[in-house]
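**Q** This is a predicted model, with the sequence first.
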Amino acid sequence: MTIERTWVYAEATDGKVATISLELLAKARELGGTVEAIVAGDGEALAAQLGEHGAQRVLATGDLGDRLPGPAVAAALAERIAAGEGADLFLLGQTYDGRDVAARLSVKTDVPVITNGVDLTVEGDEVTVTEPIFGGTTNVFTAFRVDGPRIALIRPKSFAAAPAGGGPAEVVALAVPDLGSSGAATVLEHHVEEREGPQLEDARVVVSGGRGLGSPEAYEMVSDVAKLLRAASGASRAIVDAGWVPYAMQVGQTGKVVKPDVYIACGISGATQHLVGMKGSKHIIAINKDPEAPIFGIADLGIVGDVHKVLPALKEALAART
């Protein structure tokens, strides 16, 4: 089939389009047809960046105040679909807001959603989504059988974001109907997490620590090496669950997916849950005292040794070069 129109739900923070949304725009361009970005808020503020990445039009709700974006966007798109102005495909990031919009639109249009996708192909009359299962050890391929928009939630880092060089996209108002009780929920407070250095999802180098560090105090070695490498600090689920570091630093199936140029795993055994979040890294370096640790199965360079000896030596060597 031919994809004549693709919608991409474009999320943004502080006037900047989220990386996951730029990744989806790259895939939408590849599929061909008209690419339209769906924005909950002011479309004019994002038109230049969205246009640069391939969006030809921006359908924007305008200022929603403190209302949640999910009910407004889903209701507005449902009306557009009912009027015969829908898309063949609707791509959303596997994020909190993306899942909310997709679920609400699915209910309103009686169309299923395929979640947790890592790839999408169009062959003949079929649109098929690739989904990893069993901790990423097996892929399943699910084809849509629907009349209406094909709604797919895609995991971060599934596609490479790349500008297309286009000018600012045309901004069109996306009319939001009366939401009734579904629009009553509002955001009461915003909390911004303090961050230093490169962001985990976008860093070129990531240094992560795991349970093999032995104690929360030992994680400081990971942070020190990361700073010397101008890298982001990450963590396995085990030490996040133990309260050593915040959840925002978790890499894995239930954390963040990263694809840096270099990933250094320190004291991480390599459980499937963690590998799902980092196995796409270009170069993987593993430090673990257990020579049978699963992490060595995907590592490009493995150091069998005690992280309490290896990391201080690495820190000393890096410090000597600065």
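**A** Alright, I've got the coordinates. Residues are numbered from 1 along each chain as shown.

**Q** contacts and neighbour counts: CA atoms only from here.
**A** Fine.

**Q** Run a quick neighbour tally on Ile81.
**A** 15 (other CA atoms under 10 Å).

**Q** can you offset everything so residue one is 36?
**A** Renumbered: residue one is now 36, and that last one reads Ile116.

**Q** Is it within a helix or a strand, and which one?
**A** helix 104-117 (DSSP states H and E).

**Q** So which bits of that helix are buried?
**A** Neighbour-count burial for helix 104-117, counted by 16 or more other CA atoms under 10 Å, picks out 104-114.

**Q** How about stretch 40-56?
**A** 40-47, 52, 54-56.

**Q** what's the answer for stretch 289-304, then?
**A** For stretch 289-304, burial by neighbour count (16+ other CA under 10 Å) applies to 290-295, 297-304.

**Q** next one: stretch 252-259
**A** By neighbour count with 16+ other CA under 10 Å, stretch 252-259 contains the buried residues 254, 256-259.

**Q** and it, average pLDDT?
**A** For stretch 252-259, the mean per-residue pLDDT is 96.

**Q** Kindly present the buried residues of helix 104-117 as CSV, with separate columns for pLDDT and distance to Ala80.
**A** As requested, the buried residues of helix 104-117 are exported to CSV (pLDDT from 0 to 100; distance: CA to CA, whole Å):
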residue, pLDDT, distance to Ala80
Pro104, 93, 17
Gly105, 94, 20
Pro106, 94, 22
Ala107, 95, 19
Val108, 96, 18
Ala109, 96, 21
Ala110, 96, 23
Ala111, 97, 20
Leu112, 97, 21
Ala113, 96, 24
Glu114, 96, 25
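
**Q** residues in contact with stretch 51-63?
**A** The contact list for stretch 51-63 (CA atoms under 8 Å, 6 or more residues apart in numbering) reads 41, 43-47, 70, 81, 84-85, 88-90, 126-128, 189, 191-198.

**Q** Next: stretch 112-123.
**A** 38-42, 140, 143-144, 183-185, 209.

**Q** Could you do stretch 317-328 as well?
**A** Contacts to stretch 317-328, defined as CA under 8 Å, 6+ apart, come from residues 247, 294-305, 330-331, 333-342, 345.

**Q** what do you get if the cut-off is 10 Å, keeping everything else the same?
**A** By CA atoms under 10 Å, 6 or more residues apart in numbering, the list of residues contacting stretch 317-328 from outside reads 239-245, 247-248, 294-306, 313, 330-342, 345-346.

**Q** For that stretch, buried residues please.
**A** For stretch 317-328, burial by neighbour count (16+ other CA under 10 Å) applies to 318-325, 328.

**Q** Out of the buried residues of stretch 40-56, which sit inside strands?
**A** If you go by DSSP state E, the buried residues of stretch 40-56 have 40-44, 47, 52 in strands.

**Q** Redo these as CSV? Include pLDDT and distance to Phe169.
**A** Below are these laid out as CSV (pLDDT from 0 to 100; distance: CA to CA, whole Å):
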residue, pLDDT, distance to Phe169
Arg40, 94, 33
Thr41, 96, 30
Trp42, 98, 30
Val43, 98, 28
Tyr44, 98, 28
Ala47, 94, 31
Val52, 96, 32
